[in-house]
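>>> My questions concern the predicted model and sequence given below.
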There are 2 protein chains.
Amino acid sequence: MDQTGGRATRRPREATERRRAEILRAATAVFGARGYSQGSLAEIAERVGMTHAGVLHHFGSKEQLLLAVLDGRDRSDLEQVADHRLPEGLELFRHLARTAARNVDRPGLVAAYTVLSADSVTDGHPAQAHYRERYAHLRGLIGTALREVCDPATPPDEAALDAAAAGVLAVMDGLQMQWLLDPVRVDLAGSTAFAIEALLAAALAGPSRPRPLGA
Amino acid sequence: MDQTGGRATRRPREATERRRAEILRAATAVFGARGYSQGSLAEIAERVGMTHAGVLHHFGSKEQLLLAVLDGRDRSDLEQVADHRLPEGLELFRHLARTAARNVDRPGLVAAYTVLSADSVTDGHPAQAHYRERYAHLRGLIGTALREVCDPATPPDEAALDAAAAGVLAVMDGLQMQWLLDPVRVDLAGSTAFAIEALLAAALAGPSRPRPLGA
């Protein structure tokens, strides 16, 4: 006790940060395994050897803990890239394909994201604004990257750009769910790269893109 | 009461079917609004003016009711097509694009599907096998349709076919979620058609498909 107490006194901020990080890892695992509404603070607290009240001391409420888990995931993705900012142009699409390849090694985080993002469409869900804004922000970034790489002489129309941007995020989300359900039969990294290239090629082709359905 | 009783006696099976259909509609709305674990049998029962026990009399358990909701959705999709079977070849892709256009008019059902399918990745979820098999079945149908429409002289490799099949389902699911969160900014019908055409064009192009990422 003396030793731990001594360290905590020397570096109280570090100890608090370490504690918060432990709680966030436990919350990610529990929300991923049970969903937000079924994942209990009691189970999260038990995993880190704390009381329910101890967890609340660090995060205030279950909702705040959820939002901290979501922010932590976004930050962890950004830590992989230069300057901690998403890259632009074609590099953005390579980054997204690489993210899918990294996700193969973190199914707990992917499950938490899959369950929570879908949960957020339910009435009054605490993460609804988070996800609405997150998708709008990412569609904007992808749309900008698409404009950068398209031939200015034959740009796609705005509707096609919007569709391609939404489609890239959609196919990443949907493939994660299929992969979680069936990791043997679904190749998360390969199928995500295929789909991103297909959507990108359709946008790059501009108004003359192939229309096999005649739509 | 006499009149209703008389009708029920004359056509007991019809009355039961009507009752079951009412419960399924209420369950779809409640699961769509609250998710499976938060959606209660009590609320579903209240919506149809029955008791909790009355609902259980018709469906046995909450899990059975959930699976009946899911089967009902699949059947409702099939009722829109000739012979109540999914079409083949290019027509399958046109059907999927039309399904997205129809979904714009049934956000409750789409929300129930979005929440329940994502929920199903959690540990021990009662609908996990349902969704695993459903996706495997649909990927198989789409893969077959792709083989039918590809030029036999330059077929895509198997990995590309699998990726395109998984991608079509994934982009439909992911766009539904973005649309539920933000129906003003996301064009569900238009972006689904764009993405299906993009994935189809990539598969049809065979080994010489455009690879803007150089992957």
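Yep, it's here. Just so we're clear, the structure is a prediction, and the values are computed from it rather than from any experiment.

>>> so where does A:Tyr36 fall, helix or strand?
Using DSSP states H and E, no element contains A:Tyr36; it sits outside every helix and strand.

>>> With A:Leu161 as the reference, measure out to it.
Per C-beta to C-beta, to the nearest Å, A:Tyr36 is found 33 Å from A:Leu161. Bear in mind the C-beta positions are built from the backbone N, C-alpha and C, glycine included.

>>> Give me the more crowded residue out of these two.
A:Tyr36 (25 against 20; other C-beta atoms under 10 Å in any protein chain shown).

>>> my guess is that one meets A:Asp119, correct?
Yes. Applying C-beta atoms under 8 Å, one finds A:Tyr36 in contact with A:Asp119, separated by 5.4 Å.

>>> quick one: common contacting residues for those two?
By C-beta atoms under 8 Å, 6 or more residues apart in numbering or on different chains, A:Tyr36 and A:Asp119 have these common neighbours: A:125, A:127.

>>> which residues of chain A fall in helices?
Here chain A has its helices, by DSSP state H, at A:2-10, A:12-34, A:41-47, A:52-59, A:62-78, A:89-103, A:107-119, A:128-149, A:158-181, A:188-204.

>>> can you pull the pLDDT of A:Arg10?
Note on A:Arg10: pLDDT of 60.

>>> repeat for A:Val186
On the pLDDT scale, A:Val186 gets 98.

>>> so who does it touch?
Applying C-beta under 8 Å, 6+ apart, we find A:Val186 in contact with A:175, A:178-179, B:166.

>>> Any chance of a PyMOL selection covering the buried ones in those residues?
To isolate the buried members of those in PyMOL, using 16 or more other C-beta atoms under 10 Å in any protein chain shown:
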select buried, (chain A and resi 175+178+179) or (chain B and resi 166)
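
>>> Can I get the contacts of A:Val186 in a markdown table including distance to A:Glu14?
Shown next, in a markdown table, are these (distance: C-beta to C-beta, whole Å):
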| residue | distance to A:Glu14 |
| --- | --- |
| A:Leu175 | 38 |
| A:Gln178 | 41 |
| A:Trp179 | 36 |
| B:Ala166 | 44 |
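
>>> Mind picking the two most distant members of the contacts of A:Val186?
Maximum pairwise distance among the contacts of A:Val186 (C-beta to C-beta): 8.6 Å, between A:Trp179 and B:Ala166.

>>> ok, the closest residue in space to A:Thr51 that isn't next to it in sequence to A:Pro126 distance?
Setting aside the residues directly before and after it, A:Thr51 is nearest to A:Ala45 in space (C-beta to C-beta, 6 or more residues apart in numbering or on different chains), at 5.8 Å. Here A:Ala45 is placed at a distance of 19 Å from A:Pro126 (C-beta to C-beta).

>>> Those two: who's more crowded?
Set A:Ala45 next to A:Pro126 and count neighbours by other C-beta under 10 Å: A:Ala45 wins out with 20 against 16.

>>> Correct me if wrong: that one contacts A:His58.
No. At 10.3 Å, A:Ala45 does not count as touching A:His58 under the criterion of C-beta under 8 Å.

>>> and the residue nearest to A:Thr51, what does it touch?
Contacts of A:Ala45 by C-beta under 8 Å, 6+ apart are A:51-52, A:54-55.

>>> How about A:Asp77?
A:Thr99.

>>> per-residue confidence at it?
Looking at A:Asp77, its pLDDT reads 72.

>>> Could you measure from A:Arg134 over to chain B?
9 Å (C-beta to the nearest C-beta, to the nearest Å).

>>> Just give the nearest non-adjacent residue to that residue, would you?
Nearest one to A:Arg134, counting by C-beta to C-beta, 6+ apart, is A:Asp74 at 7.5 Å.

>>> From B:Ala29, how far out is that neighbour?
32 Å.

>>> same question, A:Arg94
43 Å.

>>> now do A:Val69
Counting by C-beta to C-beta, the gap from A:Val69 to B:Ala29 is 29 Å.

>>> between these two, who's got more neighbours?
The neighbour comparison of A:Val69 against B:Ala29 (other C-beta under 10 Å) goes to A:Val69, with 25 against 18.

>>> wait, what's in contact with that one?
Taking C-beta under 8 Å, 6+ apart as the test, what A:Val69 contacts is A:24, A:27-28, A:31, A:112, A:116.

>>> try 6 Å
A:24, A:27-28 (C-beta atoms under 6 Å, 6 or more residues apart in numbering or on different chains).

>>> ok, so of the residues you listed, who is nearest chain B?
Set against chain B, the nearest of these by C-beta to the nearest C-beta is A:Thr28 (13.3 Å).

>>> For that closest one, give me the pLDDT.
For A:Thr28, the predicted pLDDT is 89.

>>> measure it to A:Glu22 for me?
From A:Thr28 over to A:Glu22 the distance is 11 Å, taken as C-beta to C-beta.

>>> for A:Pro155, phi and psi?
According to degrees, to the nearest 10, the main-chain angles of A:Pro155 amount to phi -70, psi 150.

>>> Spatially nearest residue to it (excluding sequence neighbours)?
Nearest non-adjacent residue to A:Pro155, counting by C-beta to C-beta, 6+ apart: A:Gly206, 6.0 Å away.

>>> From what I see, the one you found and A:Pro156 are in contact.
Yes. If you go by C-beta atoms under 6 Å, A:Gly206 and A:Pro156 touch, sitting 5.0 Å apart.

>>> What ranges in chain A fall below the confidence cut-off?
Across chain A, the ranges flagged by pLDDT under 70 are A:1-10, A:215.

>>> Can you get me a residue count around A:Tyr135?
For A:Tyr135, the neighbour count with other C-beta under 10 Å is 23.

>>> Which residue is the nearest non-sequential neighbour of it?
Excluding the flanking residues, the one nearest A:Tyr135 by C-beta to C-beta, 6+ apart is B:Gln178, at 5.2 Å.
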